[in-house]
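Novice: Got a predicted structure plus its sequence, pasted below:
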Amino acid sequence: MNTWHQAQRRGKSTEVLIFRGILRDDLKFIPVGCHSTYVTRPGKIPAGGDHSLALYDSEKRLLSREPVAVAEPSVCANLSPGGSIVEGRIPLRAGGRELRFLRGDTVILSVPLGEPPQLTVEWKAAKVDRRKKYRLRLQCSEPAPDAYVKVLYQWGETRYLTAALSRPTKELELEFGRLPGGDECRLIVTYTSGMRTAVAVTEAFSVPPLPPTLRIVRPRERATFAPWHPVTLEAEVIDRQRADDDVMNLVWLLNGKEVGKGRLGCLQTLPEGKYRLEAQLRGKKVITARRDFEVSRPKQVKGVPANDWV
C-alpha cells in the first residue's frame with residue numbers, strides 16, 4: 001500500500017511553501033491551511049499584480065519572489081465580500097529564514113522560517129473494535145501560534161479521509177464506528193508549524209469492514225407497466241471499501257434468471273404477468289435487494305400495441 005504523503009521528501013525534491021488564506025479589506029491576513037509540501041500539482045501561474053511572496057535569508061537579503069493570486073470570492077448579489085482569497089507558492093531555497101506577503105512594498109505578513117518541526121506518534125492498536133475509542137499520542141516540537149495537526153485515515157491504496165484536525169496536543173481520541181475498514185489501515189499525521197510540515201505514519205492495523213448497502217431505486221415497489229413500456233433498472237450501492245469497477249459484480253435477476261449487470265439496465269417487451277426482480281451484489285457474501293412489479297395491459301386501451309403489428 002502507498003503510504004507516502006505529499007509533505008514527505010522523496011529523493012532530491014524541493015520543499016515548497018503553500019500560502020493560503022483570506023485578505024481582508026483592512027489588509028489583515030487570516031491564514032487557512034498554510035503548509036509545506038514536496039509534491040505540487042501543475043497550476044496556473046498568477047498574472048502579474050501587486051501581491052507577491054518574498055523569501056529572505058537571515059541577513060534580510062532577498063532570495064526569491066513569486067506572484068500571488070488574489071481573487072474576490074463569489075457572493076450573493078448586493079453583499080460585499082469584505083475580503084479576497086489568497087493563494088500562492090514559493091520554493092524554500094537554502095538559507096531561507098523569513099517569508100513575507102507583500103502588496104507592492106507594503107509588508108502584510110511576515111513569517112519566520114526555522115528548522116522543520118519535529119513529530120513522533122505512538123499507536124498501539126493492531127486491531128480495532130468499532131465500539132471502542134482509541135488514543136493517538138503525539139510528541140510535537142514547540143508550536144508556532146498558527147500550528148495545527150491533521151490526521152488522515154488510510155484504508156486502501158490512495159484512499160484517504162480526514163479523521164481529525166486540531167491544535168497541537170499530546171493526545172487525540174479517535175473513533176472508527178462509521179469509517180471504512182480494511183486489513184492494512186494506517187493513520188498519517190501531519191504537523192504544520194511556521195509554514196513547514198512534518199509527517200509521521202503509524203504501523204498498519206485492521207478495521208472490520210462495514211457491510212455494503214444495496215437498494216433498488218427503480219422500478220418502485222409494486223409498480224405496474226404496460227407491455228410496451230420499458231422498465232428501467234437502477235440500483236444504489238453504498239460501499240466506500242470497494243473500487244468503482246466492483247459494481248460489475250452487481251447482477252440483475254428476473255424471476256430467478258439473469259438479465260443484466262451493473263447499476264443501470266433496461267427491460268423491454270415483457271409479457272403480461274407478475275415479476276420478482278432481484279439485484280445481487282456478489283462477493284464474499286451475496287447481498288440482495290428485491291422488488292415486485294407487474295406488467296398489465298391497461299383496460300381502457302383498445303388498440304393493438306405497436307409490437308403486435310404484423
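Specialist: Perfect, thanks for sending it.
Novice: count of neighbours near the residue lying closest to Gln118 once chain neighbours are set aside?
Specialist: Closest residue to Gln118 apart from its sequence neighbours, by CB to CB, 6 or more residues apart in numbering: Ser141 at 4.0 Å. Where you see a C-beta, it was placed from the backbone N, CA and C, and this is true even at glycine. By the criterion of other CB atoms under 10 Å, Ser141 has 18 neighbours.
Novice: my read: Ser141 touches Ser193, true?
Specialist: Yes. Counting by CB atoms under 8 Å, Ser141 touches Ser193, with 7.0 Å between them.
Novice: Show me whatever sits in contact with both of the two.
Specialist: Residues touching both Ser141 and Ser193 (CB atoms under 8 Å, 6 or more residues apart in numbering): Pro117.
Novice: what about Lys299, how many neighbours?
Specialist: Lys299: 6 neighbours (other CB under 10 Å).
Novice: Apologies, that question was intended for Ala163.
Specialist: Ala163: 19 neighbours (other CB under 10 Å).
Novice: Okay, it and Val201: tell me how far apart.
Specialist: As for Ala163, its distance to Val201 is 13 Å (criterion: CB to CB, to the nearest Å).
Novice: quick revisit: and the residue nearest to Gln118, what pLDDT?
Specialist: Predicted confidence (pLDDT) for Ser141: 95.
Novice: how about the nearest residue to the most centrally placed residue in the chain, chain neighbours excluded?
Specialist: Nearest to the mean C-alpha position of the chain, by CA atoms, centre = their mean, lies Leu161 at 5.6 Å. Residue nearest to Leu161 in three dimensions, not counting chain neighbours: Tyr153, with 5.6 Å by CB to CB, 6+ apart.
Novice: for that neighbour, what are its contacts?
Specialist: Tyr160, Leu161, Thr162, Ala163, Leu179, Cys185, Arg186, Leu187, Ile188.
Novice: next one: Leu267
Specialist: Contact partners of Leu267, counting by CB under 8 Å, 6+ apart, are Pro230, Val231, Leu233, Leu254, Val259, Gly260.
Novice: Most neighbours among these, which one is it?
Specialist: When neighbours are counted by other CB under 10 Å, Leu233 leads the contacts of Leu267 with 22 neighbours.
Novice: Parallel or antiparallel, list what pairs with the helix or strand hosting that one.
Specialist: For Leu233, the enclosing helix or strand under DSSP states H and E is strand 231-238. Sheet pairing for strand 231-238, assigned by DSSP bridges, gives strand 213-218 (antiparallel), strand 264-267 (antiparallel).
Novice: Any buried residues in the last one, and which?
Specialist: Meaning strand 264-267. Gly265, Leu267 (16 or more other CB atoms under 10 Å).
Novice: do the same with the first one
Specialist: When burial is assessed from 16+ other CB under 10 Å, strand 213-218 yields the following buried residues: Leu214, Ile216.
Novice: Can you report how many residues neighbour Glu15?
Specialist: Using other CB under 10 Å, Glu15 is surrounded by 17 other residues.
Novice: got a list of what it touches?
Specialist: Neighbouring residues of Glu15 by CB under 8 Å, 6+ apart: Arg9, Ser36, Thr37, Tyr38, Pro91, Leu92, Arg196.
Novice: which residue sits closest to the third one in space, ignoring its chain neighbours?
Specialist: Closest residue in space to Thr37, ignoring its immediate chain neighbours: Gln6 at 4.7 Å, by CB to CB, 6+ apart.
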